[in-house]
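Colleague: The sequence isn't on hand, but the structure is:
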């Protein structure tokens, strides 16, 4: 028997002046049409029909704006790559794979049309590899700069057995960009992967990130989406062997007319694995939109699973909307724990009252609340210069808000 949408605090939250509600009185949400694991995966674009927006995985998306990345056509643009440090550490290589090798090196096939087109039209993949038994002390940072072109991208990241590395990928400039990112974390390896969407305000970005973890492997993944007109990231991670640990963090700040969407799928297909998902977002301005969909599947063979996912949204002005949809499928009762929580709302009146009662002006008090809302997530990144940059970016957003 499969138990679907069991949670201690389940809500499908839509804020347009902001309110939060559970999808039913008992805390048990709507059952999905089918298991998340049943969705199509293929390298063949023809296997994916044209997207109309009525499909389950696209019904919250800005399909009209994403139309260029959903069209199966050549895209001759390129992103400019720069690495920091310029000379990569010993044991770390950056190479180019031909199309056949790129497909063979990917841990699984794309799960949506945009990603399949990205693979088919990218002419191969860029491969970032870390040799086995390699500990890289300094982060490896890749900056991808767009010049306003249509671009398709395919990136393969492989972390060898018993290796440790932090990889930062920062997207800046402007582009209409679709991508497929494959991440393979071998046995006893540890990857800290930070994905920054720092695009200009007119950029359009549709990406899929797929990860596979070996025995006792650890993945810490952080997604930060601040820039772009529309950003849609579909992230999935699967345990291929026991003992794995996944922590996925997300931070987003949607302004007027901006659509930021994050879909996640954690596939517990092996016993005795742990996962934690924590995403937080703020919204301000008319037409600001965020979408968070978190799916967790605990398969019948995944005994001893320990999983929890959390999404919180803070609405700063009228006219903003946040959709938050957590889903949990459980196929075995032999687990350590499983749950999810989701909420959307305005400033906490009690927090504001407490601060104002101590002589702090309301505008300063609001800033402190927002800073505190994001502080825990920022500290999880583990790279000081990136953390400081995000603090400054949020301060800049608050200047626009006037909070």
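Modeller: Alright, I've got the coordinates. What you see is a predicted model; the values in this text were computed from it and never measured.

Colleague: Remind me which helix or strand residue 378 belongs to.
Modeller: helix 362-379 (DSSP states H and E).

Colleague: What's the first helix or strand after that helix?
Modeller: From helix 362-379, the next helix or strand downstream (DSSP H and E) is helix 384-401.

Colleague: and that next one, what does it pack onto?
Modeller: Judged by 3 or more CB pairs under 8 Å, 6 or more residues apart in numbering; DSSP states H and E, the packing partners of helix 384-401 are strand 245-254, helix 362-379. Every C-beta, even on glycine, is put in place using the N, C-alpha and C of the backbone.

Colleague: Mind listing what's buried along the helix holding residue 378?
Modeller: 365, 366, 367, 369, 370, 373, 374, 377, 378 (16 or more other CB atoms under 10 Å).

Colleague: about what we covered before: rank the helices and strands packed on helix 384-401 by pLDDT, which is bottom?
Modeller: Between the helices and strands packed on helix 384-401, the one with the least mean pLDDT is helix 362-379; it has a mean of 82.

Colleague: now the stretch 201-350 of the chain, which segments are flagged as low pLDDT?
Modeller: Judged by pLDDT under 70, the stretch 201-350 of the chain has its weakly predicted residues at 347-350.

Colleague: could you redo the last one with a cut-off of 80?
Modeller: Within the stretch 201-350 of the chain, the ranges that satisfy pLDDT under 80 run 346-350.

Colleague: what about the helices in it?
Modeller: 349-357 (DSSP state H, counting those that start in this stretch).

Colleague: what's around residue 76, how many residues?
Modeller: Around residue 76 sit 9 other residues, with neighbours defined as other CB atoms under 10 Å.

Colleague: Spell out the secondary structure type for it.
Modeller: coil (DSSP: H, G, I helix; E, B strand; the rest coil).

Colleague: wouldn't it be in contact with residue 150 here?
Modeller: Yes - using CB atoms under 8 Å, residue 76 makes contact with residue 150 at a distance of 7.4 Å.

Colleague: care to break the chain down by domain?
Modeller: 3-347, 348-403 (automatic domain parsing).

Colleague: Mean neighbour count, those: which tops it?
Modeller: domain 3-347 (a mean of 19; mean count of other CB atoms under 10 Å).

Colleague: these two touch, right, residue 265 and residue 277?
Modeller: No - using CB under 8 Å as the test, residue 265 is too far from residue 277 to be in contact (10.1 Å).

Colleague: what sits in contact with each of these two?
Modeller: With contacts defined as CB atoms under 8 Å, 6 or more residues apart in numbering, the residues shared by residue 265 and residue 277 are residue 296.

Colleague: if I look at residue 201, how far off is residue 144?
Modeller: 17 Å (CB to CB, to the nearest Å).

Colleague: Distance across stretch 94-114, terminal residue to terminal residue?
Modeller: 25 Å (CA to CA, to the nearest Å).

Colleague: for stretch 182-189, same thing?
Modeller: From its first residue to its last, stretch 182-189 covers 16 Å (CA to CA).

Colleague: swap in stretch 192-211?
Modeller: Stretch 192-211 has an end-to-end distance of 12 Å (CA to CA).

Colleague: In contact with residue 291, which residues?
Modeller: The contact partners of residue 291, by CB under 8 Å, 6+ apart, come to 60, 61, 259, 260, 261, 262, 263, 322, 323.

Colleague: beta partners of it?
Modeller: residue 261, residue 323 (DSSP bridges).

Colleague: I'd like the numbering to begin with 657 instead of 1 from here.
Modeller: New numbering, starting at 657: the last item is residue 947.

Colleague: From residue 769, how far off is it?
Modeller: 18 Å.

Colleague: So which residues of the stretch 657-806 of the chain form helices?
Modeller: Taking DSSP H, counting those that start in this stretch as the criterion, the stretch 657-806 of the chain carries its helices at 719-726, 755-761, 769-777.

Colleague: Any chance of a markdown table for the helices and strands packed on helix 1040-1057, columns distance to residue 879?
Modeller: Listed next are those as a markdown table, based on distance: least, CB to CB, whole Å:
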| stretch | distance to residue 879 |
| --- | --- |
| strand 901-910 | 5 |
| helix 1018-1035 | 10 |
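
Colleague: who wins for proximity to residue 723 among those?
Modeller: strand 901-910 (20.6 Å; CB to CB).

Colleague: so the closest one versus helix 1018-1035, what angle?
Modeller: Strand 901-910 runs at 150 degrees relative to helix 1018-1035, counting by axes from the mean of the first three to the mean of the last three CA atoms, to 10 degrees.

Colleague: Now for residue 908: which residues touch it?
Modeller: Here residue 908 is in contact with 879, 880, 881, 882, 916, 918, 935, 936, 937, 938, 946 (CB under 8 Å, 6+ apart).

Colleague: Quick check: the two most widely separated of these?
Modeller: 879 and 938 (14.9 Å).

Colleague: Strands of the stretch 807-956 of the chain, start to end?
Modeller: Using DSSP state E, counting those that start in this stretch, the strands found in the stretch 807-956 of the chain span residues 820-841, 846-853, 860-869, 874-881, 886-895, 901-910, 915-924, 930-939, 945-954.

Colleague: name the helices or strands packed onto the longest one?
Modeller: So that's strand 820-841. So strand 820-841, by 3+ CB pairs under 8 Å, 6+ apart, packs with helix 719-726, helix 769-777, strand 781-786, strand 796-815, strand 846-853, strand 860-869, strand 874-881.

Colleague: dump the residue contacts of the nearest residue to residue 1038 once chain neighbours are set aside.
Modeller: Closest residue to residue 1038 apart from its sequence neighbours, by CB to CB, 6 or more residues apart in numbering: residue 848 at 6.0 Å. Residue 848 sits next to 795, 821, 822, 823, 876, 878, 1038 when contact means CB under 8 Å, 6+ apart.

Colleague: Cool, thanks, talk later.
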